[in-house]
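Asker: can you look at this prediction? I've put the sequence above it.
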Amino acid sequence: MGEHGVSKRVKAANRKAVKPESRLAMVRRARKINRELAEVFPYAHPELDFRSPFELLVATVLSAQTTDLRVNQTTPALFAKYPTPEDLAAAVPEEVEELIRPTGFFRAKTKSIMGLAAALRDDFGGEVPGRLEDLVKLPGVGRKTAFVVLGNAFGVPGITVDTHFMRLARRWRWTESDDPVKIEAEVATIFPKSEWTMLSHRVIFHGRRICHARKPACGACPITHLCPAYGEGETDPEKARKLLKYEMGGFPGQRLDPPPGYPGRPAPPLGASG
């Protein structure tokens, strides 16, 4: 019993010795993560193909519950047939449904993209607005979609809290919340506004390529020294390398038309192999 008591005291002392991270230390660590991710992913970018704010808006709405790759493989035919909001608003719904069927939930998505096209035509002169309060009024457009459009089509800083960003923000202890709006607000206090858009790209890139939901590639991660969740995934370097995705694993990326400087291979068009 005496030995058990000593053991309990040692454990208690060890717990006491590990001090909780201060707010200042967390902020410094978070900003260092951002700086190091900028070195790992200097080419981080939105992974949806687009040539205009309208195309980015529609593509982002279509990306719900599917991959950016599948959207990128689907939108060329959609935009070839309906290049403007006016064209899409006047479309036959069944024809739009058939074109976007590969993205899943195609009936609901057709209603959203035709609805937002009609709103752009009727309320905004056929142009995508550059203000958050206007974008979130459009059918199918929430804060996440709005910030993707604002940050990448208008240069307005914003934090895109998708499933990857949410997961990594929690793993890195930037937040304990699981509410996207609260996470957005908390992370916004850690980083300068000028970093918000690129921070989002870097975190999402890292989540898609290395820090996966089910089995993070911890042994191949370049920021393990900054990660309080190290060890949740595969720590063996060789096994971890096999978990890497997209260009980090030597595979095609998600964009059919990647931006200059992207080090990986373009994704194949719909129906192509490889």
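Answerer: Structure's in. What do you need?

Asker: tell me which element the residue nearest to the spatial centre of the chain falls in.
Answerer: The centre of the chain sits closest to I204, judged by Cα atoms, centre = their mean, with a distance of 4.1 Å. In the assignment (DSSP states H and E), I204 maps to helix 196-209.

Asker: which outside residues touch the following helix or strand past that helix?
Answerer: For helix 196-209, the following helix or strand on the C-terminal side (DSSP H and E) is helix 237-241. Residues outside helix 237-241 that contact it (Cβ atoms under 8 Å, 6 or more residues apart in numbering) are A217, C218, G219, A220, C221, G233, E234, G249. C-betas here are computed from N, CA, C, even on glycine.

Asker: what residues are up against L138?
Answerer: L57, G115, L116, A119, L120.

Asker: 6 Å instead?
Answerer: For L138, the contacting residues are L116, A119, by Cβ atoms under 6 Å, 6 or more residues apart in numbering.

Asker: next one: T175
Answerer: Here T175 is in contact with A169, I183, E186 (Cβ under 6 Å, 6+ apart).

Asker: do the same with R29
Answerer: Contacts of R29 (Cβ under 6 Å, 6+ apart): L226.

Asker: what helix or strand is it on?
Answerer: Going by DSSP H and E, R29 is in helix 23-40.

Asker: if we can go back for a sec, which of the contacts of T175 has the most neighbours?
Answerer: Each of the contacts of T175 was scored by neighbours using other Cβ atoms under 10 Å; the highest score is A169's, at 25 neighbours.

Asker: what sits closest to that one if chain neighbours are left out?
Answerer: T175 (5.1 Å; Cβ to Cβ, 6 or more residues apart in numbering).

Asker: so how far is L56 from that neighbour?
Answerer: 27 Å (Cβ to Cβ, to the nearest Å).

Asker: what of F147?
Answerer: F147 is 12 Å from L56, by Cβ to Cβ.

Asker: with neighbour numbers in mind, choose between those two.
Answerer: F147 (25 against 22).

Asker: verify the stated contact: that one with V161.
Answerer: No. In this structure F147 lies outside contact range of V161 using Cβ atoms under 6 Å: 8.2 Å.

Asker: pretty sure the residue nearest to the centre of the chain contacts T163?
Answerer: No. Counting by Cβ under 6 Å, I204 stays clear of T163, with 9.2 Å between them.

Asker: any low-confidence regions in the stretch 151-274 of the chain?
Answerer: 273-274 (pLDDT under 70).

Asker: next, count neighbours for T163.
Answerer: 12.

Asker: against P259, how distant is the residue lying closest to it once chain neighbours are set aside?
Answerer: Once flanking residues are discounted, T163 sits nearest to A213: 7.5 Å by Cβ to Cβ, 6+ apart. To P259, A213 is 26 Å away according to Cβ to Cβ.

Asker: same thing with P85?
Answerer: With distances taken as Cβ to Cβ, P85 is found 25 Å from P259.

Asker: now do the helices in the protein.
Answerer: Using DSSP state H, the helices of the chain run over residues 2-17, 23-40, 53-62, 68-81, 85-89, 93-100, 106-123, 132-135, 143-153, 163-171, 180-188, 196-209, 237-241.

Asker: so for E47, which of these sits nearest?
Answerer: Closest approach to E47 among the helices of the chain is made by helix 68-81 (4.3 Å; Cβ to Cβ).

Asker: between the helix holding I204 and helix 143-153, how many degrees?
Answerer: 110 degrees (axes from the mean of the first three to the mean of the last three Cα atoms, to 10 degrees).
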